[in-house]
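Predicted model and sequence below, questions to follow.
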Amino acid sequence: MHPLQIRKLPMAASDMRLVFVSSLFLVFLASSHSISSHSPSLRRQASILVSIKQAFETSNPSLNSWRLSNHTFLCSWAGVQCNDKNRSIVSLDISNSNISGSLSPMITQLQTLITLSVAGNSFAGSFPADIHKLSSLRFLNISTNQFNGSLNWEFSHLKELVVLDAYDNDFSGSLPLGVTQLQKLKHLNFGGNFFSGKIPPSYGGLVQLNYLSLAGNDLVGFIPGELGNLTNLKQLFLGYYNEFDGGIPPEFGKLVNLVHLDLASCGLEGQIPPELGNLNKLDTVFLQMNQLSGSIPPQLGNLSRLKSFDLSNNGLTGEIPLEFSQLREMTLLQLYFNKFHGEIPNVIAELPKLEVLMLWQNNFTGTIPSKLGQNGKLTQLDLSTNKLTGLVPKSLCFGRRLKILILLNNFLFGPLPDDLGQCETLWKVRLGQNYLSGLIPNGFLYLPQLSLMELQNNYLTGRFPEETSKVPSKLGQMNLSNNRLSGSLPTSIANFSSLQILLLSGNQFTGEIPSEIGQLKNVLKLDMRGNNFTGGIPPEIGNCLLLTYLDLSQNKLSGPIPVQVAQIRILNYLNISWNHLNQSLPKEIGLHEEPNLCRFLPQ
């Protein structure tokens, strides 16, 4: 199975459905014309379908109507449409019917077919080579199957073909040159196969195309500039698993009707052609996971309809162009894992529809724009691993839509905005490795959707916030280690019922460890070392039966080691050294396999 078959192209799928609807409309138009009196009889056509079905190994029960004794109702059979006189089959659609087995060459005897779709099944083996006998065919969809072999069809006999979709199969060999004879072809999808070799420059002669996908194959060589002649193209997919030489042809600047351009993950080098700025109908540009270099051409600021722009995982440099202020439709901007520098322009924060901003792993400096999030649309923000300074903006969650907030590994300082404690949509927070100070905002640790909270390696002070009425049932990991938090651990720690990892080390917590810690029935790792906890180890910790890692070292704990610790059968790391505990080890701990690392007293 080809790797791309796991990763579908969502835009392609939705467009295909639109094409299918329009093609059915063509069928209805065609069916208004009289069919030749030489058309096979209903019984003959029914016999053909029954023969075809005999090659199926499994199929949908809806095809039970395909019986020769039922031939008089042929035009009511599942997947069958006839012409207006109910004499000849003009459409056969058995897509998504859970069919396996092979597709019989008998299909080519239904010579009045205009529409044929077998998409979304598990057909294997070769596709009937005599498909050219269906000379009236306009719509052919064989996508998402396991057909193999080459596509050396006699395309010259398929002059009426408008849609050819062979996406997600196991076809191999060179891309067929014969398709260039299909001058009415508007939709061509060879994506998700094993085609090899180069893209034929003659594909640039398919001037009626409005959709072309060659993505997810094993193509090599240069992308031919002749594809720039396809001026009717609206969607172009060439990336994923192909490995092209050179870069993006500047001739692509002639594709003035292009709406969706996807050249991701296909080895492209060189600079982004400024000519792409001519394509003012573009709403999506995916160029991620290549080896592109140089800076972003300021001409791309002319793409006023652009909604999604992804240049991540390249070697791009320079600054974000101020011309991006014109991209008022932008909802997604991903520039992460490059070498960009300079400040994040304020114009980015002022984009009215921006929802996703991913700029991590660059060299951005300066402050985060203070107005970021004021548009009320922001859902995902990742600016981690840069050199940003200053405060975390107060407006990030103004729209109450923010789900992901990742600012780790920067030089941010000052307090966290109180408003974050009211951001109930948050489910992932990573703010570690900064210089943040002040209190943890009320409610911040108890947000209802939260699954990950990382605040480690900062200078946060104050107490662990207590919220007796809130139950953050989805929080799986909390890391507050290496801050300056103080005071006692509240009994509301029991409310974190889904916690698997709790890291509190390197703070200044005091008081006794609350017995409610034993209510964390899902906790796997508990690290509370390097604090000032006093009193005894609560016996209730033995109720944490999934615990594999427990570190209570470097505190001021006293009293005996609870025998209940022995109840934790899968514990493989236990460190309670550098405390004031009794030196006797409960004999019950020796009744089962001892921990891999067990420390009790100062070394």
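Right, received. Where do you want to start? Residues are numbered from 1 along each chain as shown.

CA only for contacts and neighbour counts going forward, please
OK.

Strands of the stretch 451-600 of the chain, start to end?
Assigned by DSSP state E, counting those that start in this stretch, the strands in the stretch 451-600 of the chain fall at 452-454, 459-463, 477-479, 484-487, 501-503, 508-512, 525-527, 532-535, 549-551, 556-559, 573-575, 580-581, 597-599.

Where among those strands is average confidence lowest?
When these are ranked by mean pLDDT, strand 597-599 comes last with a mean of 54.

quick one on the thing from earlier: for the strands of the stretch 451-600 of the chain, give me JSON lines that also has distance to residue 143.
Written out in JSON lines, the entries for these read as follows (distance: least, C-alpha to C-alpha, whole Å):
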{"stretch": "strand 452-454", "distance to residue 143": "40"}
{"stretch": "strand 459-463", "distance to residue 143": "56"}
{"stretch": "strand 477-479", "distance to residue 143": "42"}
{"stretch": "strand 484-487", "distance to residue 143": "58"}
{"stretch": "strand 501-503", "distance to residue 143": "45"}
{"stretch": "strand 508-512", "distance to residue 143": "61"}
{"stretch": "strand 525-527", "distance to residue 143": "47"}
{"stretch": "strand 532-535", "distance to residue 143": "64"}
{"stretch": "strand 549-551", "distance to residue 143": "50"}
{"stretch": "strand 556-559", "distance to residue 143": "66"}
{"stretch": "strand 573-575", "distance to residue 143": "52"}
{"stretch": "strand 580-581", "distance to residue 143": "69"}
{"stretch": "strand 597-599", "distance to residue 143": "55"}
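
In three-state terms, how would the closest residue to residue 133 other than its chain neighbours be classified?
Using C-alpha to C-alpha, 6 or more residues apart in numbering and skipping residues adjacent in sequence, the residue nearest residue 133 is residue 108, 5.9 Å away. Under the three-state scheme (DSSP: H, G, I helix; E, B strand; the rest coil), residue 108 adopts helix.

any idea how far residue 108 lies from residue 581?
To residue 581, residue 108 is 85 Å away according to C-alpha to C-alpha, to the nearest Å.

Residue 321: what's it in contact with?
If a contact means C-alpha atoms under 8 Å, 6 or more residues apart in numbering, then residue 321 has 296, 297, 298, 301 as its contacts.

Mind checking which of these land in helices?
Counting by DSSP state H, none of the members of the contacts of residue 321 fall within helices.

List only buried entries from those residues.
296, 297, 301 (16 or more other C-alpha atoms under 10 Å).

Quick one: low-confidence residue ranges for the stretch 501-603 of the chain.
Filtered on pLDDT under 70, the stretch 501-603 of the chain yields the residue ranges 583, 585-603.

Helix, strand, or coil at residue 276?
Following three-state DSSP, we place residue 276 in the helix state.

Am I right that it is in contact with residue 248?
No. Counting by C-alpha atoms under 8 Å, residue 276 does not reach residue 248; the two are 9.5 Å apart.

Columns mean neighbour count and distance to residue 146 on top of the strands of the stretch 451-600 of the chain, output as CSV?
Shown next, in CSV, are the strands of the stretch 451-600 of the chain (neighbours: other C-alpha atoms under 10 Å; distance: least, C-alpha to C-alpha, whole Å):
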stretch, mean neighbour count, distance to residue 146
strand 452-454, 21, 41
strand 459-463, 20, 57
strand 477-479, 21, 42
strand 484-487, 20, 59
strand 501-503, 20, 44
strand 508-512, 20, 61
strand 525-527, 20, 46
strand 532-535, 21, 63
strand 549-551, 20, 47
strand 556-559, 18, 65
strand 573-575, 19, 49
strand 580-581, 20, 66
strand 597-599, 14, 52
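
Of all the ones you listed, which one is nearest residue 336?
With distances scored as C-alpha to C-alpha, the stretch of the strands of the stretch 451-600 of the chain nearest to residue 336 is strand 452-454 (20.5 Å).

And that closest one, what does it pack against?
On a contact count with 3 or more C-alpha pairs under 8 Å, 6 or more residues apart in numbering; DSSP states H and E, strand 452-454 meets strand 428-430, strand 477-479.

Go ahead and name everything in contact with that strand.
With contact meaning C-alpha under 8 Å, 6+ apart, strand 452-454 is reached by 427-432, 445, 475-480.

now with 7 Å?
Identification of contacts with strand 452-454 by C-alpha atoms under 7 Å, 6 or more residues apart in numbering yields 427, 428, 429, 430, 431, 432, 475, 476, 477, 478, 479, 480.

ok, now stretch 195-214?
Outside stretch 195-214, the residues within contact range by C-alpha under 7 Å, 6+ apart are 171-175, 180, 183-191, 217-221, 223-224, 226-238.

circling back: quick one: which of the buried ones among the contacts of residue 321 is nearest residue 503?
Distances from the buried ones among the contacts of residue 321 to residue 503 were compared by C-alpha to C-alpha; the smallest belongs to residue 296, at 41.6 Å.

Return the residues in contact with the closest one.
The neighbours of residue 296, taking C-alpha under 7 Å, 6+ apart as the test, are residue 272.

Need the per-residue pLDDT for it.
The predicted structure scores residue 296 at 98 on the pLDDT scale.

same check, this time on the one 3 residues further on
Per-residue confidence at residue 299 stands at 97 (pLDDT).

Chain neighbours aside, what residue packs nearest to it?
With C-alpha to C-alpha, 6+ apart, the residue lying closest to residue 299 is residue 277, at 4.8 Å.

which one of the helices and strands packed on strand 452-454 lies closest to residue 347?
For these, distance to residue 347 was read as C-alpha to C-alpha. The smallest value, 24.9 Å, belongs to strand 428-430.

about what we covered before: tell me how far the residue nearest to residue 133 lies from residue 370.
Relative to residue 370, and taking C-alpha to C-alpha, residue 108 is found at 65 Å.

Residue 356 too?
From residue 356 over to residue 370 (counting by C-alpha to C-alpha), the distance is 17 Å.

Neighbour count: the two, which is higher?
Neighbours per residue, other C-alpha atoms under 10 Å: of residue 356 and residue 370, the larger number sits with residue 356, 20 against 17.

close enough to count as contact, that one and residue 382?
No. Using C-alpha atoms under 7 Å, residue 356 is not in contact with residue 382; the gap is 8.6 Å.

First-to-last residue distance for stretch 109-121?
21 Å.

repeat for stretch 199-210
Stretch 199-210 has an end-to-end distance of 17 Å (criterion: C-alpha to C-alpha).

and the residue nearest to residue 283 when sequence neighbours are not counted, what is it in contact with?
Distances taken as C-alpha to C-alpha, 6+ apart put residue 306 closest to residue 283, at 3.8 Å, once the chain neighbours are dropped. Contacts here follow C-alpha under 7 Å, 6+ apart; on that basis residue 306 touches 282, 283, 284, 327, 329, 330.

switch the cut-off to 6 Å
282, 283, 284, 329, 330 (C-alpha atoms under 6 Å, 6 or more residues apart in numbering).

Just the local confidence number for it, please.
According to the model, residue 306 scores 98 on pLDDT.

That one and residue 162: what is the separation?
Here the criterion is C-alpha to C-alpha. By it, residue 306 lies 29 Å from residue 162.

Kindly report the same for residue 307.
Counting by C-alpha to C-alpha, the gap from residue 307 to residue 162 is 29 Å.

quick one, helices of this structure?
According to DSSP H, the helices that the chain contains are 10-31, 42-54, 346-349.

which stretch in those helices has the least confidence?
Ranked on mean pLDDT, the bottom entry among the helices of the chain is helix 10-31, at a mean of 41.

Where does the prediction get shaky in this structure?
Low-confidence segments of the chain, defined by pLDDT under 70: 1-39, 583, 585-603.

hmm, 90 instead?
Counting by pLDDT under 90, the chain contains low-confidence residues at 1-42, 58-62, 70, 84-87, 467-473, 565-567, 569, 582-603.
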